[in-house]
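build me a structure from this.
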Amino acid sequence: MHDDAGDLRFFVLLVEAGNLTAVARHLNVSAGASSRRLARLEERLGVRLVTRTSRRFDLTDEGQTFYERAAEIMIDIEAAEAEISANQKELRGVLRIGAPLELGRRRLADFVSKFADRFPKLRVHLLLSDEGLDVVNSRLDLAIRIGMPNEAGTVATKIMNSERVICASPAYLERFGMPTTLAQLTEHRCICLMRGHELGMLDQWRLSRSGEAQIVEVTPHLSTTSGEVVHDWALKGKGIVFKVLWDVSDDLQRGRLVRLFPEYQGETIGLFATMPSRRNVPLRVKTFLDNLRDFLAHP
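Sure, this is the predicted structure:
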């Protein structure tokens, strides 16, 4: 009888360890035993999962597909085990969270403090930075990131999608007038976010209407590397901005900002959580993510 779950766990460990010797050491078996187990798994599946050389191995296309599905299944199994295990009824320990500065200050800080109030034996640390915190080197349990991250040794899960919207303050519109076409944006004072040397200036505003894509390239009157400063300048009437909706939704509802061109849809932006490992996700992390999704969906 095959130990299907054990084979899935073995293969995930093998891929993440990088070689048979490392996974054998982790499982406290010989390298030869690990090699034979891999061979039996490949024989049972009828496909080659890896290509091996004397120093390394690479996943085949079938191996990559099998690894991705196996890793997802192991997440579900281990989450179920954590939920029913003893001593998990009350969250405790330390939860270290990283987030972008503006999102953290304006949206997450209050949520995090209330989450900590619900679990008095849990200590929560919130680290904020616009530089993009490294989950592993910063020893974080999870980091909230805008856009799909690409960090070695981590796994990402999507929290929500939003879109960028064009908006300005009533004071700006009273002083400079309301643009009536996208082309007129090039004549207005626009505020842009600088995203570092590699990504450059966010001066190409991508929108679509009825499935037709349009790009407006604006000339920034003001620019900064801080999303929060962009937001503050917009509130003070300094110019027109292209902001993610979750940053400005409250200002739009309260009339502090006015959405321009609502008939256009801005580019979709994903909010992700990155964690250091696919396996053994602590219940405190899973509970935090579940509550965060609910909070952002129903602010």
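
quick one: the helices in the stretch 51-200 of the chain?
Along the stretch 51-200 of the chain, the segments classed as helices by DSSP state H, counting those that start in this stretch run 61-84, 101-103, 109-118, 170-176, 196-199.

pick the most buried one from those helices.
Comparing these by mean neighbour count (mean count of other C-beta atoms under 10 Å), helix 101-103 comes out on top with a mean of 20. In short, each C-beta sits where N, CA and C put it, glycine included.

what does the pLDDT read for the nearest residue to residue 227 once chain neighbours are set aside?
Spatial nearest neighbour of residue 227, excluding adjacent residues (C-beta to C-beta, 6 or more residues apart in numbering): residue 102 at 4.4 Å. Note on residue 102: pLDDT of 87.

dump the helices of the stretch 51-200 of the chain into a markdown table; add distance to residue 139 as well.
Formatted as a markdown table, those follow (distance: least, C-beta to C-beta, whole Å):
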| stretch | distance to residue 139 |
| --- | --- |
| helix 61-84 | 21 |
| helix 101-103 | 19 |
| helix 109-118 | 18 |
| helix 170-176 | 43 |
| helix 196-199 | 24 |
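
so, low pLDDT: which residues of the stretch 51-200 of the chain?
Residue ranges of the stretch 51-200 of the chain with pLDDT under 70: 53-56, 78-89, 132-133, 150-153, 196-199.

need the contact list for the closest residue to residue 222 other than its chain neighbours.
Among residues not flanking residue 222 along the chain, residue 191 sits closest, at 4.8 Å (C-beta to C-beta, 6+ apart). By C-beta atoms under 8 Å, 6 or more residues apart in numbering, the contact list for residue 191 reads 220-224, 230, 233-234, 238-241.

what sits against residue 284?
For residue 284, the contact set (C-beta under 8 Å, 6+ apart) comprises 91-93, 95, 119, 122, 141.

swap in residue 235?
By C-beta under 8 Å, 6+ apart, residue 235 lies in contact with 169, 251, 256-257.

please redo it, this time with the cut-off set to 10 Å
168-169, 171-172, 241, 248, 251, 256-257 (C-beta atoms under 10 Å, 6 or more residues apart in numbering).

quick revisit: who wins for neighbours among the contacts of residue 191?
residue 241 (29 neighbours; other C-beta atoms under 10 Å).

for that residue, phi and psi?
Per-residue torsions, residue 241: phi -130, psi 160 (degrees, to the nearest 10).

ok, now how distant is it from residue 147?
18 Å (C-beta to C-beta, to the nearest Å).

again, but for residue 243
Distance of residue 243 to residue 147, given as C-beta to C-beta: 15 Å.

could you do residue 263 as well?
Residue 263 is 25 Å from residue 147, by C-beta to C-beta.

compare neighbour counts for the two and give me the winner.
residue 147 (12 against 7).

is that one in contact with residue 270, as I believe?
Yes: in this structure, residue 147 is within contact of residue 270 by C-beta atoms under 10 Å, at 6.3 Å.

re the thing from before, so how far is residue 43 from the residue nearest to residue 222?
Between residue 191 and residue 43 the distance, using C-beta to C-beta, works out to 61 Å.

same check, this time on residue 63
Distance from residue 63 to residue 43, by C-beta to C-beta: 14 Å.
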